[in-house]
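Novice: Provide a 3D model corresponding to the input given below.
(chains A, B and C)
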Amino acid sequence: MGTISILIFAVFLAVFLGVVTYDLYKSKKNGTNFRIKNCVVGFLMVAPAVLLTFLFILLPMLFSLGYAFTDFNQMRPDEVNFVGFNNFKEIFREIGAGGDMLSALKNTAIFVVGVVPLQILLALGLALFCNRKVRGVAIFKVCFFAPVVISLTVTSYLWVTILSPEADGLLNSFLALFGIPEQDFLSNPDTAMLWIVIISAWQGCGYQMLIFLSGLTNIRSDLYEAARLDGANAWYRFIHITVPGLKSSVLYITITVFIGACRIMVQPMLMIGPYPEGWTLSYYMYMQGTEYSLVGKSSAIALLMTIFIGLVTFIQKKVLGEKKSG
Amino acid sequence: MSVKKIFKIIGVVACAAIVASGIPGWVINDSDADGLNGNTVVSVMFHVSSSSKEGQAYKKRIDAFNEAYKDKKIKATANYIPRTDGSSAYETALISMKISNKLPDIITFDSPKCSYYAANNYLYNITNMVADIKDEFFEGSINYYNGYIYGLPIQESSAGFYYNKDLFKKAGISDKEISEYSDESPWTYEEFKSVCSRLKSVCSKVPVNMSIGGTSDETAPYLLYPFVYASGGQFASEDGNTVKGYLDSEKTISTFEFFQELINEGYTDDKVDANAFYNGETAMYLSSGWTIADLRNKNYSAFPNGSNWGLLPYPYGEEGCAASATGSWSFGITQNHHQDKAAARELLKWLVNDESSRVITEHTGMISAKKAVNEGRYDADSPEAMLLQQLANTGKARPPMVGYSVLSTTFNQIIHELGRTNNLRDLITERTVTLQETIDKY
Amino acid sequence: MAKKKLPLLDADGNEITVVKQNTSKIAKNVVYYVCGAVMSLFFLFPLIYMLAYSTKTEAAIAESAGTLGMFLPDFSNLGAAFDNYKKVLVDYDVAKYALNSVRYAIISIVLNVIINGLAGYVLAKFRIPGKRFFTFIILFLIVVPVETSIIPLFIVVKQMLGLNGAATILGIVFPAAISVFNMFLFMQFFQGIPKDYEEAARIDGAGNLKIFFKIILPLSKPIVATVAVFCFIGVWNDYLWPSLLLTNNQDLMPVQAALTIIQQDTELSAGAKMASLVVTSIPIFIVYVAAQKYIVQGFGTAGLKV
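Specialist: Numbers count the residues shown, from 1 in each chain, chains lettered A, B, ... in the order given. The predicted structure follows:
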């Protein structure tokens, strides 16, 4: 382990020195020189960040990439063999045969397709609602944002109690008022994931609401004035001024909510458990690595997820058509 | 100085103080304490919380050990990591320690997992070490792997159907009938079902709680696996490496179908919990010897002062043998960084000696794994005696296999689906294939 | 009350009619507030429920189930509430775990601001060779998801670095202290600080570090506050990684990880379990309310720049 890390570090060092040399060379050519003292101080100041990034972000990422092609079993950390694409073959076989991997895919898909539009629309609606200079709007903002702040664990345990399948659970007693018999909610495989969608949207939309709000305040109000004077009604103003004006916010939010949705793990883990209706990609991947100690397979799933998320993000950027600044 | 500045300073000082206050805790945590005062330190890790009854028992024995071995300069330290369901904190702790090469000298482990830990070099071969005491134990309780001993039982266990006498009377089940079942020849599946159907009308919830809902940990596998043996089914081959053809064999599938039948007939389900029995809403409760102590000491509404209950054995399958649940956790010595195992051997022998076994089982209410401790311990008519007899006659251990925990998880997944799937056979077949694939890697 | 007003004229001399909207405006406002209240209830009811639940004994919970009393704390038996909280805080040591979280948060925030701040400062202001290389890597790392690396991270921390015992804390604090996103934020912000401040200081003979701490940071209060707030929230709410890392050092666990152990304890009443949820949420709420300004600001920066 240590030797591989040193190797990787050496590679990075080499690349870095190469870039440095190149820059020095170019600067010599241009006649603009680097001040030595500045450079040394600069490097020193960046050093801790570089070290930590390398240790805790880069290394794990690269290891994960590497493990995906091995049969690393945590119970036997010394017997690691390179197995090429075996892990991937097995994953696809499992998908084809309808095993847990397929359930994980299915559930994650359900969740993403459910939560992304729901959360975004909710957030947009709330943002529009709060985008007024009325007294007390701040209180509403606080209320809508409140669920965002509590942690995933608290939310999970809280909602498990609310959705208790007993007749005296909160939601069940509410339904009883309408004569609806007691429901299973989370214990019912058909509805379990749907509830996770609802709960996630409930918790998350306040966050996106704030982003939308800041986007809304950036739309020039004189655009609205002009439209109003021209006789445009609220709906028209919405479609032709608000929506285009929010384009960059929508792009950012769609991407982030999508990525977050693909990686959901804690809520199904704490609310449903290790059953077919509860698997999501991240949860299954985590369990493979910890419970079953199959780090190789776990990393393979991680790699596939990363590629998939990267691809979809790229496509989204293209379709929603904004250029990234910076 | 402005107010703002004062606040700032107070803030900084407060933060520094909070952080600093943690330092003593960190230092204590860190003391590997090897060779404190010239002692040989031997460490043990227990799988229960130190405030539980079982944890108290362990604490007593550790203290007694330290007292007894003070002159010999051996000191035992103990760590308590309760196993929680779902994320198996205990397992993760073990893996984490192995990775950082800091395993304790002695660990506890669930006996069916002996092969798993032995094969993965967690456990140390203690055959020679314990050769002189091995005959003190029930032979079936000793943990073997490849013919060598890797663990000794902390205690033994058995389970049975606790029943509510009042509800049985109300359902018209006579004492005579019960006595037939409690005898040498346990009841059959048919008789079991007949009792359930009669109980249905007098129970406000399902008549029997079989922990079908206990699928988040070892509860359901522990209580239900004997049914597979009783039906003549199997889990895996002798060497534990093949499950295809065993877990999906006809007889095993028929056991799951039996459970499914019980659910469909409304005799049991996965929602009922222990309280239903304690409140008199359910008439029977399949549980281990733990419950004896609870029933006696906690004044449940249906069993005031520990009255009104009895204990029935596991039923006979139509073919095959009768089987009942056995097995609990065991002690084992680890292959860790301490080369000299002499001190560990002393502690191990201490923890499994008769006195320890007596103290521990007094606290837990389970059966001792040592023959001498059990002699004359229980009254002939007591429920403990019945369990002891069941243990001796029909106790069958869970299948020892390297991939046991995955088997257990698979079992749980199947049980979890019982109430919902129409395609039990396919489910079991697919699960078996996945299971086989996983254990092939081990 | 309508008074006869002089007609208003616009630039061309045409009359502008001002429609009186007083009553319908009030009606609109009322509708608005009512809608707002109803929606707020949808978002708040679980939290109110959590609070109320945590003050009751098992019996009281069963009693009030199914009625509106579910949302009301049990005023008749305040002793039960006290019991629940005391049990959770003292007997089950939640106070200890909460203190752990606070400590980790403080250390992480300090490290976070310094390490990421310095990095962002260099990237923004310094001319060093290889700078573009760094910037590129940062942008790249922001995009790659981090959760997929939890297990390799575990191996790095435990096996490679061999952090054990108390040193495991470093495994919590350092990963929390490094954030490529924050580096990026700092860089963007510092780029906006005019050079004059630095130059003035340099003329006065100040060294680079001094400039950073005495000039740049004080000028960057908003971004530092934002980073601090989000770092605190992150450390406080983090569950998965600490629970994985600290399984055999449970004393050192932060509050969310300890929460899962408490929730599974069979001896604890449901009300007390709820109390543990409340206790772990209150500090976050306080921070949130106090730092509202910075949170909103943080979103502004995030929403626009990426």
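Novice: Residues of the stretch 201-326 of chain A that sit close to chain C?
Specialist: Where the stretch 201-326 of chain A comes near chain C, counting by Cβ under 8 Å from any Cβ of the partner chain, the residues are A:202, A:206-207, A:210-211, A:213-215, A:218, A:248-249, A:252, A:259, A:263, A:265-266, A:270, A:282, A:285-286, A:289-290, A:295, A:298-299, A:302-303, A:305-306, A:309-310, A:313, A:324-326. C-beta: built from backbone N, CA, C; applies to glycine.
Novice: of the residues you listed, list those near chain B.
Specialist: By Cβ under 8 Å from any Cβ, the members of these lying near chain B are A:T290.
Novice: Apply the buried test to the residues of the stretch 201-326 of chain A next to chain C and list what passes.
Specialist: Among those, those scoring as buried are A:202, A:206-207, A:210-211, A:213-215, A:248-249, A:252, A:259, A:263, A:265-266, A:270, A:282, A:285-286, A:289-290, A:295, A:298-299, A:302-303, A:305-306, A:309, A:313 (criterion: 16 or more other Cβ atoms under 10 Å in any protein chain shown).
Novice: so what pLDDT did the residue most central in space within chain A get?
Specialist: The residue lying closest to the centre of chain A (Cα atoms, centre = their mean) is A:G260, at 1.8 Å. Reported pLDDT at A:G260 in the predicted model: 87.
Novice: For burial, what's the neighbour tally of the spatially closest residue to C:G162 that is not a sequence neighbour?
Specialist: Among residues not flanking C:G162 along the chain, B:S100 sits closest, at 6.0 Å (Cβ to Cβ, 6 or more residues apart in numbering or on different chains). When counting by other Cβ atoms under 10 Å in any protein chain shown, one arrives at 18 neighbours for B:S100.
Novice: Wait, B:S100 touches C:G165, no?
Specialist: No. Applying Cβ atoms under 8 Å, one finds B:S100 not in contact with C:G165, separated by 9.6 Å.
Novice: quick one on the thing from earlier: contacting residues around the residue nearest to C:G162?
Specialist: C:K158, C:Q159, C:G162, C:L163, C:N164 (Cβ atoms under 8 Å, 6 or more residues apart in numbering or on different chains).
Novice: Now it: phi and psi?
Specialist: phi -90, psi 10 (degrees, to the nearest 10).
Novice: For chain A, see how far away it is.
Specialist: For B:S100, the distance to chain A equals 11 Å [Cβ to the nearest Cβ, to the nearest Å].
Novice: can you check C:I172 too?
Specialist: 11 Å.
Novice: I'd assumed C:L244 was in contact with that residue.
Specialist: No. Using Cβ under 8 Å, C:I172 is not in contact with C:L244, being 10.6 Å away.
Novice: so who does the closest residue to A:L24 other than its chain neighbours touch?
Specialist: Spatial nearest neighbour of A:L24, chain neighbours left out: C:P129 (5.2 Å); criterion: Cβ to Cβ, 6+ apart. Residues in contact with C:P129 (Cβ under 8 Å, 6+ apart) are A:V19, A:V20, A:T21, A:Y22, A:D23, A:L24, A:S27, A:F34, A:C39.
Novice: buried subset of the residues you listed?
Specialist: Here, 16+ other Cβ under 10 Å leaves A:V19, A:V20, A:D23, A:F34, A:C39 buried among the contacts of C:P129.
Novice: nearest to chain C, of these?
Specialist: A:D23 (3.5 Å; Cβ to the nearest Cβ).
Novice: Check which residues of the one helix or strand A:S214 maps to are buried.
Specialist: Assigned by DSSP states H and E, A:S214 belongs to helix A:189-217. Buried residues in helix A:189-217, defined by neighbour count with 16+ other Cβ under 10 Å: A:189, A:191-193, A:195-216.
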